[in-house]
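Peer 1: heads up, no residue letters with this:
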């Protein structure tokens, strides 16, 4: 739950029947050649020019 989103080198996470039934760890496929992403660009919220001032992403 916490390891996969924070590790950019993980390519796949395979959840098998044994993972669910026997609570075994999922199989994690790591790609060592995968590039770590630089700072992800966050979209800024901006206000539209309508009469209700509704924010859009």
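Peer 2: Nice, thanks for sending it over. Please read these numbers as outputs of a predicted model, since none were measured by experiment. Residues are numbered from 1 along each chain as shown.

Peer 1: residue contacts, residue 25?
Peer 2: residue 19 (Cβ atoms under 8 Å, 6 or more residues apart in numbering). C-beta here means a position set from N, CA and C on the backbone, and glycine is covered the same way.

Peer 1: can you read off the pLDDT for it?
Peer 2: The model reports residue 25 with a pLDDT of 92.

Peer 1: now the helices for this structure?
Peer 2: With helices called from DSSP state H, the chain shows them at 3-6, 17-21.

Peer 1: and residue 23, how many neighbours?
Peer 2: 7 (other Cβ atoms under 10 Å).

Peer 1: again but with residue 9, I slipped
Peer 2: Neighbour tally, residue 9, other Cβ under 10 Å: 13.

Peer 1: the bottom helix or strand of the protein by mean pLDDT?
Peer 2: strand 46-47 (a mean of 57; mean pLDDT, DSSP states H and E).

Peer 1: where along this structure do the strands fall?
Peer 2: Assigned by DSSP state E, the chain shows strands spanning 10-14, 27-30, 46-47, 55-56.

Peer 1: least confident of these, on average?
Peer 2: Of all the strands of the chain, strand 46-47 has the smallest average pLDDT, which comes to a mean of 57.

Peer 1: which residues touch the nearest residue to residue 15 once chain neighbours are set aside?
Peer 2: Leaving aside its sequence neighbours, residue 15 sits nearest to residue 26 (Cβ to Cβ, 6 or more residues apart in numbering; 4.9 Å). Counting by Cβ under 8 Å, 6+ apart, residue 26 touches 13-16, 19.
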